[in-house]
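Student: sequence? don't have it. structure:
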């Protein structure tokens, strides 16, 4: 998938976190990045736009990221869209819940830019998750 034609959705209730993630994605060469303040707004945008990847925070007011993920997976259209879940509240149970709900990846907050970059680039390139060390720089410049 070409980065210039890849459409991403970032869902987080923190304006500063959305800004950081969107800036990072644009630096990686993804010009089409939309934002939503919670899972409900994210779902509205998802239903109107054909996103290639959704990146969502787990804990948000009104509609959480896990609820957004479940709504995407239970929908009639584009239910296979890759979804990356972000959270600062990590437990084995939460990771299991996200995976069982259909998450394609999980990133711990506070974000480490290379980790987020690696996971997004792998989802866009439709590559399997990392099972051994691979420098993120190789992924950043691959297929760009």
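Tutor: Sure thing, it's come through. Just so it is clear, the model here is predicted, and its values are computed rather than measured.

Student: okay, now residue 100: neighbour count?
Tutor: When neighbours are counted by other CB atoms under 10 Å, residue 100 registers 9. The C-beta positions use only the backbone N, C-alpha and C, and glycine is treated the same way.

Student: er, residue 82 I mean
Tutor: Residue 82: 21 neighbours (other CB under 10 Å).

Student: residue 15 too?
Tutor: 10.

Student: so residue 30, which of the three states?
Tutor: Here residue 30 is recorded as coil under DSSP: H, G, I helix; E, B strand; the rest coil.

Student: wait, residue 33
Tutor: Per three-state DSSP, residue 33 ends up strand.

Student: give the contact list for it.
Tutor: 7-10, 22, 25-26 (CB atoms under 8 Å, 6 or more residues apart in numbering).

Student: do residue 25 as well
Tutor: 8, 10, 33, 120.

Student: ranges for the helices of the chain?
Tutor: With helices called from DSSP state H, the chain shows them at 15-27, 39-48, 65-74, 92-101, 113-125, 136-141.

Student: average pLDDT for the shortest one?
Tutor: For helix 136-141, the mean per-residue pLDDT is 46.

Student: bridged to the one residue sitting closest to the centre of the chain, which residues?
Tutor: Centroid-nearest residue in the chain, with CA atoms, centre = their mean: residue 55, separated by 2.1 Å. Per DSSP bridges, the residues bridged to residue 55 are residue 10, residue 84.

Student: the helices of the chain: lowest mean pLDDT?
Tutor: helix 136-141 (a mean of 46).

Student: among the helices of the chain, which is nearest residue 82?
Tutor: Ranking those by proximity to residue 82 (CB to CB) places helix 113-125 first, at 4.3 Å.

Student: quick one: work out the angle between that closest one and helix 15-27.
Tutor: With axes from the mean of the first three to the mean of the last three CA atoms, to 10 degrees defining the directions, helix 113-125 sits at 60 degrees from helix 15-27.

Student: which strands or helices does helix 113-125 pack on?
Tutor: helix 15-27, strand 53-57, strand 83-87, strand 105-108, helix 136-141 (3 or more CB pairs under 8 Å, 6 or more residues apart in numbering; DSSP states H and E).
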